[in-house]
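[1] Coordinates for the following, if possible.
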Amino acid sequence: MKITGVSALVLVALGICLYALILWEGSSARKDAPTLEANLAQWLLHYTVPADFRAMKNPLDVGSGSAEVEAGHAVYTQKCEICHAYDGGGKTEIGSGEYPRPPDLRSDAVQRMSDGELFYHLKNGIRHTGMPAWTLSDRKLWQLSAYLRHLPRVASLSPEIAAERLPSAGSAHYVGSAACKDCHTEIYDRWQKTRMANVVRDPKAHPDAVIPDLSKPDPLVTFSKDDIALVYGSKWKQRYFKQVGDDYFVFPAQWDVTHKLWRAYFVKNGSDWWAPLYPPDNMQRPTGPLCDGCHSVNYDIDTKKVTEWNVGCERCHGPGSVHLEHSGKPNIVNPAKLNYVQASDTCIQCHSQGQPLSNPIKGKYYDWPVGFHMGKQLVDFWKLEDHKLGELSFTHFPDGTAHKNRMQGNDFVQSLMYTRGVSCFSCHDAHGTDNDAMLIKPAKEICSTCHGPNTQNGPHAPTLEAHTHHAPGSAGSECVSCHMPKIEQTIADVNVRAHTFKFITPAESEAMKVPNACNLCHTDKTTAWATEALKGWQDRSPWRMAGQTPMP
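    As a prediction, the model looks like this:
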């Protein structure tokens with residue numbers, strides 16, 4: 001009787017506690033689940049999946065960019081994006097109103113799930129949540145679970161997430177990229193083949209580094225192969241460095257790779273900001289202050305020595321000695337874990353035009369962020385090139401779009417993409433890919449990673465062709481053609497793509513003297529013709545196309 005009585009009291013007490021909890025929490029779905037409830041739910045989520053499902057492996061080709069993964073992307077856009085968002089983060093209007101909240105599908109808790117667990121939850125749903133049981137074929141469910149391993153990489157927008165710091169100030173030193181090879185072999189092997197790893201080469205160690213035939217005479221070429229200490233570049237242009245003591249200087253001739261001809265090289269006054277601060281002679285303008293800080297790892301302005309030439313691992317991850325000594329621990333900067341500002345600063349440190357905050361430094365003017373390395377705040381070392389709207393300058397078009405190469409960062413920080421947490425490595429993989437510009441997917445496909453017809457991020461049209469008004473497969477139907485036109489000069493008439501992602505109208509070309517995508521393709525037509533054509537597109541604002549509203 002005592003046992004029965006005690007049991008009854010316990011049950012009554014539990015009932016009262018449960019009733020109190022229900023009254024306390026109420027029926028509102030606005031609050032997040034308490035930590036205990038969330039942890040318990042996560043535990044149950046794992047152990048309620050039958051063991052035979054947990055052991056399953058995805059039978060499809062799950063490699064990045066495979067047809068199966070892309071098919072899964074289509075399913076995700078149709079079925080999941082409304083709650084989980086295009087990037088899996090769950091930051092949507094519906095998601096924010098559900099209880100419990102849709103999880104961040106990129107989180108460790110989700111990504112640790114086995115293929116079979118993901119498949120089971122997609123097939124059977126999750127009781128007492130907003131996760132439905134999908135009546136899809138097993139193949140589509142496997143495709144969807146495969147895509148969940150390849151969600152877009154978007155950096156955190158949280159202001160609380162500051163730049164990842166080194167283990168302790170001054171405790172780490174540089175070790176060189178070769179030290180990373182044993183533990184990160186696959187990444188190292190890919191990186192070694194990139195232009196990042198080969199932008200600066202010694203022709204004595206790499207006889208094939210010099211592209212043009214120097215035995216053919218040219219009035220601009222006053223040097224021989226034996227005079228060249230280092231070769232810079234291989235994609236658009238190639239320049240040649242002469243060594244004098246512990247300094248390097250650029251010869252006054254450069255090779256135009258596209259047109260296969262020699263062009264003069266000399267930075268005139270009125271172009272780069274530093275030109276009037278150095279003598280008008282290439283042989284009195286050392287590359288150390290002007291170039292080498294971005295073309296190397298750990299350039300020492302006192303000794304003029306580098307840990308290694310080229311963009312090595314520690315250029316993006318910071319000094320690696322502590323990580324090397326305690327391998328496997330997260331004691332090195334990982335840009336993927338930084339917030340969106342610091343994540344993109346990994347690339348902006350070199351892919352931008354600007355000046356150090358303090359110049360000159362020890363009597364010399366530098367054109368790169370002296371003293372900065374990953375783990376520090378770039379804004380404490382570097383300011384972007386100033387620009388006054390309405391003015392055409394050496395660096396900017398009047399609307400603020402970059403005028404020349406090496407200004408991807410200046411463009412990008414103006415963009416809505418940057419504001420929304422997209423980072424450089426959302427589209428590029430600095431470790432190397434088979435695609436141009438180290439894109440994670442070909443240029444024709446990269447934008448559809450996050451964008452698609454009538455999706456959360458647009459375009460808001462039933463089909464891509466309805467948005468572009470161009471035939472499928474044509475140049476005009478490619479996103480980059482209109483939103484990333486090649487208008488920024490690298491050499492002569494060879495241009496690179498803008499990174500503001502805004503559509504420049506022909507009317508803006510007339511008013512602001514900035515090239516537009518329409519007339520870059522339709523070279524035989526006028527801007528007036530292009531403006532009239534766009535005004536006839538019913539899904540576009542005729543006011544904006546006519547240039548009657550302020551630019552966005």
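[2] Return the alpha-carbon coordinates of the strand ranked longest in the chain using CSV.
    Taking DSSP state E as the criterion, the chain has its longest strand at strand 237-244. Taking C-alpha atoms only, strand 237-244 is exported to CSV below (Å, rounded to 0.1, in the frame of the first residue of the first chain):
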residue,chain,number,x,y,z
LYS,A,237,49.3,38.9,-69.1
GLN,A,238,52.8,37.9,-68.1
ARG,A,239,55.4,40.2,-66.5
TYR,A,240,59.1,39.7,-65.8
PHE,A,241,61.0,40.5,-62.6
LYS,A,242,64.7,41.4,-62.5
GLN,A,243,66.6,40.8,-59.2
VAL,A,244,69.0,43.5,-58.0
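[3] Which elements pack onto it?
    strand 230-232, strand 247-250, strand 253-256 (3 or more CB pairs under 8 Å, 6 or more residues apart in numbering; DSSP states H and E). In this view, the C-beta of every residue, glycine as well, is placed from N, C-alpha and C.
[4] do that again at 10 Å, thanks
    strand 230-232, strand 247-250, strand 253-256, helix 287, strand 486-491 (3 or more CB pairs under 10 Å, 6 or more residues apart in numbering; DSSP states H and E).
[5] neighbours of residue 5, just the number please.
    9 (other CB atoms under 10 Å).
[6] My error: substitute residue 508 in the last question.
    Going by other CB under 10 Å, the residues that sit close to residue 508 add up to 24.
[7] correct me, but it touches residue 519?
    No - here residue 508 lies out of contact with residue 519, judged by CB atoms under 10 Å, at a distance of 11.4 Å.
[8] residues shared between the contacts of these two?
    Common contacts of residue 508 and residue 519 (CB atoms under 10 Å, 6 or more residues apart in numbering): residue 527.
[9] where in this structure is pLDDT low?
    Low-confidence segments of the chain, defined by pLDDT under 70, span residues 18-26, 156-170, 328, 549-552.
[10] Find the residue at the geometric middle of it.
    The residue lying closest to the centre of the chain (CA atoms, centre = their mean) is residue 424, at 1.5 Å.
[11] contacting residues around the closest residue in space to that one that isn't next to it in sequence?
    Distances taken as CB to CB, 6 or more residues apart in numbering place residue 347 nearest to residue 424, at 4.3 Å, with adjacent residues excluded. Contacts here follow CB under 10 Å, 6+ apart; on that basis residue 347 touches 311, 316, 335, 408-409, 412, 423-425, 428, 430.
[12] Spell out the secondary structure type for residue 347.
    helix (DSSP: H, G, I helix; E, B strand; the rest coil).
[13] can you check the one 5 residues further on too?
    At residue 352 the chain is in coil, as set by three-state DSSP.
[14] Was I right to think it contacts residue 409?
    Yes - taking CB under 10 Å as the definition, residue 352 is a contact partner of residue 409 at 3.3 Å.
[15] Give me the common contacts of the two.
    Joint contacts of residue 352 and residue 409 (CB under 10 Å, 6+ apart) are 345, 378, 382, 384, 402.
[16] which one of those sits closest to residue 470?
    Nearest to residue 470, judged by CB to CB, of those is residue 402 at 25.7 Å.
[17] and that closest one, how many residues sit next to it?
    27.
[18] try residue 78
    So residue 78, with other CB under 10 Å, has 12 neighbours.
[19] which helices and strands sit right next to the helix or strand harbouring it?
    Using DSSP states H and E, residue 78 maps to helix 67-79. Secondary-structure packing of helix 67-79 (3+ CB pairs under 10 Å, 6+ apart): helix 138-147.
[20] ok so, going back, could you dump the helix holding residue 78 to CSV, C-alpha only?
    Once non-C-alpha atoms are left out, helix 67-79 reads as follows in CSV (Å, rounded to 0.1, in the frame of the first residue of the first chain):
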residue,chain,number,x,y,z
ALA,A,67,23.4,14.7,-62.2
GLU,A,68,21.9,13.0,-59.1
VAL,A,69,22.9,15.9,-56.8
GLU,A,70,21.5,18.5,-59.3
ALA,A,71,18.2,16.5,-59.4
GLY,A,72,18.1,16.6,-55.6
HIS,A,73,18.6,20.3,-55.8
ALA,A,74,15.4,20.6,-58.0
VAL,A,75,13.5,18.5,-55.4
TYR,A,76,14.8,20.6,-52.6
THR,A,77,13.8,23.9,-54.3
GLN,A,78,10.3,22.5,-54.8
LYS,A,79,9.7,20.8,-51.5
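[21] That one: how far from the chain's middle?
    Here the centre of helix 67-79 is set off from its chain's centre by 22 Å, with CA atoms, centre = their mean, to the nearest Å.
[22] and what of stretch 92-107?
    25 Å.
[23] next one: stretch 436-447
    11 Å.
[24] Just the buried positions in that stretch, please.
    438-441, 443, 446-447 (16 or more other CB atoms under 10 Å).
[25] related to what we said a few turns ago, columns distance to residue 452 and mean neighbour count on top of the helices and strands packed on strand 237-244, output as JSON lines?
    Below are these laid out as JSON lines (distance: least, CB to CB, whole Å; neighbours: other CB atoms under 10 Å):
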{"stretch": "strand 230-232", "distance to residue 452": "40", "mean neighbour count": "21"}
{"stretch": "strand 247-250", "distance to residue 452": "46", "mean neighbour count": "20"}
{"stretch": "strand 253-256", "distance to residue 452": "39", "mean neighbour count": "22"}
{"stretch": "helix 287", "distance to residue 452": "45", "mean neighbour count": "22"}
{"stretch": "strand 486-491", "distance to residue 452": "24", "mean neighbour count": "19"}
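[26] List just the one of the ones you listed that sits closest to residue 453.
    Across the helices and strands packed on strand 237-244, closest to residue 453 is strand 486-491 (CB to CB), at 25.2 Å.
[27] And the closest one, what does it pack against?
    strand 237-244, strand 253-256, helix 408-412, strand 494-497, helix 517-521.
[28] Would you convert these into a markdown table that also reports distance to residue 121?
    Output for the helices and strands packed on strand 486-491, formatted as a markdown table (distance: least, CB to CB, whole Å):
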| stretch | distance to residue 121 |
| --- | --- |
| strand 237-244 | 53 |
| strand 253-256 | 56 |
| helix 408-412 | 37 |
| strand 494-497 | 40 |
| helix 517-521 | 43 |
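[29] Out of these, indicate the one that is most buried.
    Most buried of these, by mean neighbour count (mean count of other CB atoms under 10 Å): helix 408-412, with a mean of 24.
[30] Show the subsequent helix or strand relative to it.
    That would be, after helix 408-412 and using DSSP H and E, helix 416-419.
[31] so how many other residues sit close to residue 467?
    21.
[32] Could you do residue 41 as well?
    By other CB under 10 Å, neighbour count at residue 41 equals 14.
[33] List every C-alpha atom in the host helix or strand of it, with coordinates, as PDB.
    Residue 41 belongs to helix 35-47 when elements are defined using DSSP H and E. What follows is helix 35-47 as a C-alpha-only set of coordinates in PDB (Å, rounded to 0.1, in the frame of the first residue of the first chain):
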ATOM      1  CA  THR A  35      17.700  23.100 -24.300                       C
ATOM      2  CA  LEU A  36      16.700  20.000 -22.500                       C
ATOM      3  CA  GLU A  37      13.800  19.300 -24.800                       C
ATOM      4  CA  ALA A  38      16.000  20.000 -27.900                       C
ATOM      5  CA  ASN A  39      18.800  17.600 -26.700                       C
ATOM      6  CA  LEU A  40      16.200  14.900 -25.800                       C
ATOM      7  CA  ALA A  41      14.600  15.300 -29.200                       C
ATOM      8  CA  GLN A  42      17.900  15.000 -30.900                       C
ATOM      9  CA  TRP A  43      18.700  11.800 -29.000                       C
ATOM     10  CA  LEU A  44      15.300  10.300 -29.800                       C
ATOM     11  CA  LEU A  45      15.600  11.400 -33.500                       C
ATOM     12  CA  HIS A  46      18.700   9.200 -33.800                       C
ATOM     13  CA  TYR A  47      17.600   6.100 -31.900                       C
END
